[in-house]
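[1] take this sequence and fold it.
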Amino acid sequence: MKSFQRKQIAVAVAVALTCGLALAATKWVLEFDQAAPVNVSSLPQQPSNKVKLLRLPDRTLVAVYGEGVDAPGGAKVYDPKARELRNPFDIFIKWSRDNGATWSDPLNVSSMATLWSAKADITGLVDGPVRNPVEYYGDADKPNTFSVGNNIIVTFTNKYCGDGTTSAESPVQKFVTYPELANIEVPFSCTYLSRLQWNAALGQVVQIDKQRLSDGARDAKQDANTGNVNGFVMTWQEDPEGLKLGEAEGPGDGASGATVNHHTNIWYSFIPAASFANVGYVLPVVRVTDNDPITGLTAAYGASRANVSLAGTQAVIAYEETKGLEGLEDGKYIRYHTFKFDAPVAAQPGCIISDVKENARRVRMLTQSPTDPAAPNIVFLYKQGNYDGGGPSDIMIRRALGGFTPDKIAGIPFGTTPYSCESAPKDFTELEGLRALYSVPPINLSSSKGLTADSEADNAENALAHRGVMRGKSLVLGYSWTPNETLARLTDLERYNFYIRRSSDGGVTWSDPFNMTNLTNADKLSAREPRIVGTPASGPGCATDPVECQNVNAVYVAWGVQTDVTYPVEPVDVDIFVRASRDNGVTFTEPVAMTAGNIIIGEDDHADDAETQVRLSPDGSKMYAVWGSISPTVDDALFRSSTFKEITIPDPVPPAPVPVPTPTPPPGSSAVAPTGDDDGGCTVSRGERPVDPTLAVLTLLGLAGLGLRRRRRV
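    Numbers count the residues shown, from 1 in each chain. So this is what the prediction gives:
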């Protein structure tokens, strides 16, 4: 009897599933909060530049961006990257208290576009052989910003090097002349740091102070900053001969500060948290590298593109530096320094972490102060290969465990003789001697030949745009990769996709590469400017608001796409996409376009969208993004936010039943009513006894009740 009942129940359950009575499926998606992107910048007729975004503890959003200003008399400045005359830029801040729907009036935090401290010939030989210097108004480079609590810093370089209130020619500020640009002249830049604070009672950002940290005797570029509860830190580079145009051999446009003259140094400054609101606090300025021509020891070196990190009270600075063996051994090393953030050590050589025989550049860092000894304190990521400039290379990793100093990095020759990682080889013999002491090779994250491959294992492939997040022993790292760098650079026959790899043991083992972008030859697009973003620490409202509690497993990945073209056609930035994960990168939502257009499905908004910045709520449920958008009529900073949510996938609608004609009985016979499922319903026939679907529903309800009762009995 029991066996018969089990069979009847099984049949009823099968009937219920067949009739679409199973539980509906769900999936996680990103849904945008606005129907279309919101324009953050103020003046559509003025160009904007490099918008950045902050999210404060009370959910206030702060956008920081450069925007053109009309200088007196319609004066212009020369942009060596774009190779054009334009209006000078000032740095502006806006804030929003309604999730980005509306934004405040702009606050000008630089206010230098109507001041000048140098004169220069911005037309060169174009308007004749006679030099014609004119007032060169304060032009701000891109802003960089960071916040801790309600404290905000904005750093930037600017062509104005005066006292902040008047226009007068500086006695020390120099300029660079570009013979390749018809002798056009551009003044050197100075470095600035602005301290600001969000005043919730007033509902506005208040500027505390703005300090100039260099004087224009050397050309400042590539500022970087960060901070934590202990304070803020920043770095920048100064080139004694002025910004070099470069050759744009990499993915950029040149004139970025990657190519430098001899004696270019990295400089450092800091603000302890206790001094942040002190208007009278004077920021210290320290040269941390030793590329000083006075010593004669490292005169041929030039340091550039530094990144700075702050883990607890420990500052870490990493940068690329020319080898000083030009003509014998071209290329760069990756060097780094570490010290207590408020006790910087001046004029040191730094420790080389890259292969001294290869060309390394574009170093990035992930740092933390973990309690687990298996979790890294530092993960260095950098490009390395045997080619110069933008040639093929792989993404390499080195890790520091148990501390921040070089002796915590496996295989680095620290304190050994005759050479150490702080050496400055003067010839091939010394270079080979130093290389032999690097006993543990780096991890090759990107090579198709495996984690232990050297950079020559496949010299056709190329990787770039490395990014990552680290939480304890968990790492999610990514890079853009192409199987053939030459084809991707010169034709539309190959492309870059963005891949991620995961590690749950501090970087000892890694998952296989996962293609996040899945661009194909038919798309004629490449991934560009990717971002991997983790959640911030829990906010002060975590006790009462779960949105403010950190979910360390939430990770977002965003990227732009650029057209694949055949040289000499220039590629064009198109749209920006994003995906989200709730399980630390194991699974992701489907890609969605945050831009108004989506070129993948043929929706063209006729705008060049690029360089997104993404911020998250601590629980990862909210994403806030800004980016630059250039269309035929405007050059704007745009904003959009999204919600990470679970939705129900509706059951598929079954096709309409095909009517079955009733046969006409032959004369003299009687018609027989059809049985079974000829009417397209869900009645099941067993012999001559149809089963009503109500039985299936009641059976499922009964099973659910039994399940609940069984749980209660346990």
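[2] quick one: Phe428 and Asp355, what's the gap?
    15 Å (Cβ to Cβ, to the nearest Å). No exception for glycine: its C-beta is placed from N, CA and C like everyone else's.
[3] wait, Leu366
    Distance of Leu366 to Asp355, computed by Cβ to Cβ: 21 Å.
[4] also Met112?
    43 Å.
[5] ok, now Val569?
    Val569 is 35 Å from Asp355, by Cβ to Cβ.
[6] okay, those two: which has more neighbours?
    Asp355 (21 against 10; other Cβ atoms under 10 Å).
[7] against Lys408, how distant is the more buried one?
    Counting by Cβ to Cβ, the separation of Asp355 from Lys408 is 19 Å.
[8] distance check, the nearest residue to Lys449 once chain neighbours are set aside against Asn150.
    Once flanking residues are discounted, Lys449 sits nearest to Ala457: 3.9 Å by Cβ to Cβ, 6 or more residues apart in numbering. Applying Cβ to Cβ, the value for Ala457 to Asn150 is 50 Å.
[9] so these two - more neighbours on which side?
    When neighbours are counted by other Cβ under 10 Å, Asn150 comes out ahead of the other of Ala457 and Asn150, with 17 against 14.
[10] I'd assumed Ala201 was in contact with that one.
    No: counting by Cβ atoms under 8 Å, Asn150 sits too far from Ala201 to count as a contact (11.0 Å).
[11] overlap in contacts, these two.
    Common neighbours of Asn150 and Ala201 are not found (criterion: Cβ atoms under 8 Å, 6 or more residues apart in numbering).
[12] look up the pLDDT of the most centrally placed residue in the chain for me, please.
    Nearest to the geometric centre of the chain sits Arg531, at 3.2 Å (Cα atoms, centre = their mean). Note for Arg531: predicted pLDDT of 98.
[13] all helices for this protein, in order.
    In the chain, the segments counted as helices under DSSP state H are 2-18, 428-435, 485-490, 693-713.
[14] next, the buried residues of the shortest one.
    Along helix 485-490, the positions that meet the burial threshold by neighbour count (16 or more other Cβ atoms under 10 Å) are 485, 488-489.
[15] what's the mean pLDDT across it?
    For helix 485-490, the mean pLDDT works out to 96.
[16] try the first one
    Averaged over helix 2-18, pLDDT sits at 39.
[17] same check, this time on the last one
    The predicted model gives helix 693-713 an average pLDDT of 38.
[18] find the nearest non-adjacent residue to Asp330, please.
    Nearest to Asp330 is Asp388, by Cβ to Cβ, 6+ apart, at 5.5 Å.
[19] err, Thr491, not the other one
    Thr566 (5.0 Å).
[20] can you report how many residues lie near Ile352?
    Look at Ile352: counted by other Cβ under 10 Å, it has 27 neighbours.
[21] and the one 5 residues further on, by the same measure?
    Here the number of neighbours of Lys357 (other Cβ under 10 Å) works out to 15.
[22] correct me, but it touches Ala436?
    No: here Lys357 lies out of contact with Ala436, judged by Cβ under 8 Å, at a distance of 10.5 Å.
[23] show me the shaky parts of the stretch 351-500 of the chain.
    389 (pLDDT under 70).
[24] rerun at 50
    Within the stretch 351-500 of the chain, the set of residues satisfying pLDDT under 50 is empty.
[25] return the helix or strand in this structure with minimum mean pLDDT.
    For the chain, counting by mean pLDDT, DSSP states H and E, strand 684-686 ranks last in confidence among helices and strands (a mean of 33).
[26] biggest strand in this structure by residues?
    Criterion DSSP state E: the longest strand present in the chain is strand 635-649.
[27] which helices and strands does that one pack with?
    strand 25-32, strand 38-39, strand 48-55, strand 61-68, strand 622-630 (3 or more Cβ pairs under 8 Å, 6 or more residues apart in numbering; DSSP states H and E).
[28] tell me the mean pLDDT over stretch 223-242?
    For stretch 223-242, the mean pLDDT works out to 98.
[29] so what are the domain limits for the protein?
    Following automatic domain parsing, the chain resolves into domains at 26-41+460-652, 46-189, 218-459.
[30] surely Thr416 is in contact with Leu437?
    Yes: with contact defined as Cβ under 8 Å, Thr416 counts as touching Leu437 (5.9 Å).
[31] out of the two, which sits in the more crowded spot?
    Neighbours around Thr416 and Leu437, counted as other Cβ under 10 Å, are more numerous at Leu437. The numbers are 18 against 12.
[32] Gln204 touches Trp95, doesn't it?
    Yes: between Gln204 and Trp95 a contact is recorded at 7.2 Å, counting by Cβ under 8 Å.
[33] so what sits against both of these two?
    Jointly contacting Gln204 and Trp95 under the rule Cβ under 8 Å, 6+ apart are 104, 198.
[34] compare those two (neighbour count), which wins?
    Counting neighbours by other Cβ under 10 Å for Gln204 and for Trp95 shows that Trp95 has the greater number, 20 against 15.
[35] which ones are touching the more buried one?
    60-63, 103-104, 198, 204-205.
[36] try 7 Å this time
    Applying Cβ atoms under 7 Å, 6 or more residues apart in numbering, we find Trp95 in contact with 60-62, 103-104, 205.
[37] gap between Leu638 and Gly100?
    Per Cβ to Cβ, Leu638 is found 10 Å from Gly100.
[38] how about Arg55?
    10 Å.
[39] of the two, who's got more company?
    Neighbours were counted for Arg55 and for Gly100 using other Cβ under 10 Å; Gly100 has more, 21 against 18.
[40] state the pLDDT value of the more buried one.
    On pLDDT, Gly100 comes in at 97.
[41] how about it, what does it touch?
    Contact analysis of Gly100 by Cβ under 7 Å, 6+ apart lists 38, 61, 624, 639, 641.
[42] again, but for Arg287
    Here Arg287 is in contact with 265, 267, 346-347 (Cβ under 7 Å, 6+ apart).
[43] okay, strands next: where are they in the stretch 301-450 of the chain?
    Under the criterion DSSP state E, counting those that start in this stretch, the stretch 301-450 of the chain carries strands at the ranges 303-311, 314-322, 332-340, 351-352, 359-367, 378-385, 394-400, 443-444.
[44] list the residues that contact Ala311.
    Applying Cβ under 7 Å, 6+ apart, the residues near Ala311 are 367-369, 377.
[45] ok, now Pro654?
    Pro654 sits in contact with no residue, where contact means Cβ under 7 Å, 6+ apart.
[46] how near is it to Leu475?
    Counting by Cβ to Cβ, the gap from Pro654 to Leu475 is 46 Å.
[47] any idea how far apart the tips of stretch 300-320 sit?
    14 Å (Cα to Cα, to the nearest Å).
[48] find out how far that stretch is from the centre of the chain, if you would.
    18 Å (Cα atoms, centre = their mean, to the nearest Å).
[49] what's the mean pLDDT across that stretch?
    pLDDT averaged over stretch 300-320 gives 96.
[50] list the buried residues in it.
    For stretch 300-320, by 16+ other Cβ under 10 Å, it's 300-311, 313-320.
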